[in-house]
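A.B. asks: take this sequence and fold it.
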Amino acid sequence: MEMPGFSLGNRRNEDIALDLMKFIAMTTSYGKPGSTAGVGFQGGGGALKPEEYADHLLELYGKCLKALEGK
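C.D. replies: Have a look, this model is predicted:
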């Protein structure tokens with residue numbers, strides 16, 4: 001039962017990059033203030049403003065999109 005005009009092979013890089021960004025952000029606590037994930041993505045640890053957290057996520061999205069375009 002496949003939907004007309006939709007298949008997994010037709011996903012845009014932007015959609016895949018968004019899913020990848022969500023996965024990385026959720027599993028590593030990327031950019032979250034005070035997180036203790038210990039993966040090495042976080043900086044000094046102080047509390048971030050919501051705008052700064054959004055900037056981190058947008059930066060991560062850009063990296064994901066760039067990685068997909070280079071495949």
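A.B. asks: and the helices in this protein?
C.D. replies: 13-28, 50-69 (DSSP state H).
A.B. asks: got the buried residues for the first one?
C.D. replies: What it means is helix 13-28. Using 16 or more other Cβ atoms under 10 Å as the test for burial, helix 13-28 gives 17, 20, 21, 24, 25, 28. For every residue, glycine as well, the C-beta is placed using N, CA and C.
A.B. asks: still on that earlier bit, with mean pLDDT added, can I get the helices of the chain in a markdown table?
C.D. replies: What follows is these, written out as a markdown table (pLDDT from 0 to 100):
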| stretch | mean pLDDT |
| --- | --- |
| helix 13-28 | 94 |
| helix 50-69 | 93 |
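A.B. asks: quick check: buried residues in stretch 53-64?
C.D. replies: Residues 53, 56, 57, 60, 61, 64 are the ones in stretch 53-64 that count as buried (16+ other Cβ under 10 Å).
A.B. asks: quick one: the last one and residue 15 touch, right?
C.D. replies: No. The pair residue 64 / residue 15 is not scored as a contact, 11.0 Å apart, by Cβ atoms under 8 Å.
A.B. asks: got a pLDDT number for residue 11?
C.D. replies: pLDDT recorded at residue 11 is 85.
A.B. asks: ok, it to residue 21 distance?
C.D. replies: In this structure, residue 11 and residue 21 are 14 Å apart, going by Cβ to Cβ, to the nearest Å.
A.B. asks: with residue 10 instead?
C.D. replies: Taking Cβ to Cβ, one finds residue 10 at 20 Å from residue 21.
A.B. asks: try residue 67
C.D. replies: Note on residue 67: its distance to residue 21, by Cβ to Cβ, is 10 Å.
A.B. asks: equivalent analysis for residue 58, please.
C.D. replies: Residue 58 sits 9 Å away from residue 21, going by Cβ to Cβ.
A.B. asks: would you enumerate the residues in contact with the nearest residue to residue 61 once chain neighbours are set aside?
C.D. replies: Excluding its sequence neighbours, the residue lying closest to residue 61 (Cβ to Cβ, 6 or more residues apart in numbering) is residue 21, at 4.5 Å. Neighbour list for residue 21: 57, 60, 61, 64 [criterion: Cβ atoms under 8 Å, 6 or more residues apart in numbering].
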